[in-house]
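**Q** have a look at this prediction, sequence included:
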Amino acid sequence: MPAVPTRFVRAEDFAAVAQAVLPTDVWDYVAGGAGDERTVRANEEAFHRLTLVPRMLIDVGTRTLHTTALGVPLAGPIGVAPTSYHTMAHPDGELAVARAAGAAGLLNIVSVFSSTTLEDVAKAATGPLWFQLYCLRDRGLTRSLIERAEAAGYRAIVLGVDLPVIGYRDRDIRNAFRLPPGVRPVNLPVGTEQDPTLADLNAVLVDPRLTWQDVEWIRSVTDLPLVVKGIVAPSDAERAVQLGASGVLVSNHGGRQVDGSVATMTALPDVLDVVGGSAEVYLDGGVRRGTDVLKAVATGARVVFAGRPVLWGLAVDGESGVRAVLDLYLRELDLVMATCGCPDVASIGPHLLRNP
Ligand SMILES: Cc1cc2nc3c(=O)[nH]c(=O)nc-3n(C[C@H](O)[C@H](O)[C@H](O)COP(=O)(O)O)c2cc1C
Ligand SMILES: CCCCC(=O)C(=O)O
């Protein structure tokens with residue numbers, strides 16, 4: 001692994017520089033959450049509350065971080081959460097993120113609201129991609145997106161179910177946040193002449209009437225594995241798996257939808273109790289350190305994903321900034337595994353948690 005530039009010794013060191021280089025309204029869109037942003041903070045605090053009980057005198061001379069997700073080999077149990085409109089943060093946008101994730105050997109979930117077409121992202125990618133879909137009002141368009149993702153080589157559909165409408169985001173409301181010039185949802189047939197707020201643009205496209213029947217429909221129109229993203233209730237996870245989901249991504253959208261929503265690390269054990277035996281369970285929200293990855297994996301998450309930190313790296317230095325952020329997670333995880341007595345991912349378990 002490349003040496004860590006001393007200016008950036010933790011993922012959050014990228015945040016301050018990203019804030020300095022991004023326009024204020026774009027920074028607010030990335031950093032912000034719903035309401036008072038209590039859940040944004042709660043996601044991180046839930047990690048801080050968990051304490052570790054490292055184990056000694058285990059041979060950690062040879063270590064590997066390798067794992068798999070739905071059969072896809074990965075260099076580590078950390079991946080890129082889907083986030084919208086990467087060219088807001090850097091002109092290379094989604095291409096830079098795909099190249100960095102591929103070079104690191106990590107899973108990259110590409111948002112349907114990408115500012116580069118899903119085909120161009122797939123061409124640039126050297127690692128595995130999953131496609132994150134919101135079910136659109138136009139079901140024909142929704143289906144064609146799934147077919148395009150299949151044709152382009154994406155390996156799973158990640159259905160976002162937590163955004164029937166965009167949450168009440170104080171910062172974006174204050175800023176009347178609109179997409180910057182030249183940044184468009186290019187996967188979708190949306191004109192370039194309109195200039196609505198992001199929330200209005202979203203309301204035109206995304207279907208707020210979505211129910212479990214639609215999950216069944218999406219399941220039926222593709223042979224790709226289905227992951228349902230945006231679940232925190234165990235009963236929702238159970239229903240998703242009953243309807244054929246291969247994976248559940250425990251997420252509260254980084255605290256951007258429901259302020260006061262349970263932290264994802266608080267919700268994870270209950271979700272695992274219900275579906276952990278029959279589906280892969282992933283998590284995002286507040287993962288900032290290698291120790292956070294270790295805690296989530298020790299609890300039972302297969303892979304965890306980072307949202308904002310990837311955008312910080314992208315804003316700071318394009319592909320190499322994203323690569324640096326991803327390498328920090330891997331480097332920190334490698335060292336915390338070694339110091340906790342874990343030579344591989346399979347040996348990370350609940351025995352490492354003080355109060356699992
Ligand atoms: C700027 C931004 C845009 C996002 N866009 C999407 C999106 O298009 N689709 C989606 O499923 N989730 C989206 N999310 C949510 C992330 O996938 C993820 O759930 C969240 O960012 C994880 O929390 P973290 O930022 O604390 O790591 C977005 C998050 C941010 C910060
Ligand atoms: C604008 C489309 C939704 C992007 C999103 O999921 C978010 O801003 O959290």
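**A** Happy to help now that I have it. Residues are numbered from 1 along each chain as shown. Ligands and ions are numbered 1, 2, ... in the order given.
**Q** what helix or strand does Gly230 sit in?
**A** Of the helices and strands defined by DSSP states H and E, Gly230 is found in strand 226-231.
**Q** packing partners for that strand?
**A** With contacts taken as 3 or more C-beta pairs under 8 Å, 6 or more residues apart in numbering; DSSP states H and E, strand 226-231 sits against strand 157-160, helix 212-220, helix 234-242, strand 247-250. All C-beta atoms are positioned from the backbone trio N, CA, C, and that covers glycine.
**Q** alpha carbons of that strand, as CSV, please.
**A** C-alpha atoms of strand 226-231 as CSV (Å, rounded to 0.1, in the frame of the first residue of the first chain):
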residue,chain,number,x,y,z
LEU,A,226,-31.3,-7.6,-5.5
VAL,A,227,-30.0,-5.6,-2.5
VAL,A,228,-32.6,-3.4,-0.7
LYS,A,229,-30.9,-0.3,0.6
GLY,A,230,-32.3,2.0,3.3
ILE,A,231,-33.7,-0.4,5.8
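**Q** what does the strand or helix carrying Glu150 contact?
**A** Glu150 is part of helix 139-152, with elements assigned from DSSP H and E. By C-beta atoms under 8 Å, 6 or more residues apart in numbering, the surrounding residues in contact with helix 139-152 are 112, 118-119, 122, 131, 133, 135-136, 157, 187-189, 217-218, 221-224.
**Q** can you say which of those are buried?
**A** By neighbour count, with 16 or more other C-beta atoms under 10 Å, the contacts of helix 139-152 hold 112, 118, 122, 131, 133, 135-136, 157, 187-188, 218, 222, 224 as buried.
**Q** most neighbours per residue, which of the helices and strands packed on strand 226-231?
**A** Mean neighbour count (mean count of other C-beta atoms under 10 Å) peaks for strand 247-250 among those, with a mean of 28.
**Q** is any part of that one close to ligand 1?
**A** No - Strand 247-250 stays clear of ligand 1 (C-beta under 6 Å from any ligand atom), getting no nearer than 7.8 Å.
**Q** Ala101: neighbouring residues, count only.
**A** Ala101 has 27 neighbours, counted by other C-beta atoms under 10 Å.
**Q** ditto for the one 3 residues further on
**A** The criterion is other C-beta under 10 Å. On that basis, Ala104 has 25 neighbouring residues.
**Q** please report how far it lies from ligand 1.
**A** Distance of Ala104 to ligand 1, computed by C-beta to the nearest ligand atom, to the nearest Å: 16 Å.
**Q** can you tell me which of the buried ones among the contacts of helix 139-152 are in strands?
**A** Phe131, Leu133, Ile157 (DSSP state E).
**Q** and these as JSON lines, adding distance to ligand 2 and pLDDT?
**A** Output for those, formatted as JSON lines (distance: C-beta to the nearest ligand atom, whole Å; pLDDT from 0 to 100):
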{"residue": "Phe131", "distance to ligand 2": "14", "pLDDT": "99"}
{"residue": "Leu133", "distance to ligand 2": "12", "pLDDT": "98"}
{"residue": "Ile157", "distance to ligand 2": "16", "pLDDT": "99"}
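**Q** if we ignore the residues flanking it in sequence, what's nearest Met56?
**A** Gly341 (6.2 Å; C-beta to C-beta, 6 or more residues apart in numbering).
**Q** swap in Ala176?
**A** That would be Thr197: by C-beta to C-beta, 6+ apart, it lies 5.7 Å from Ala176.
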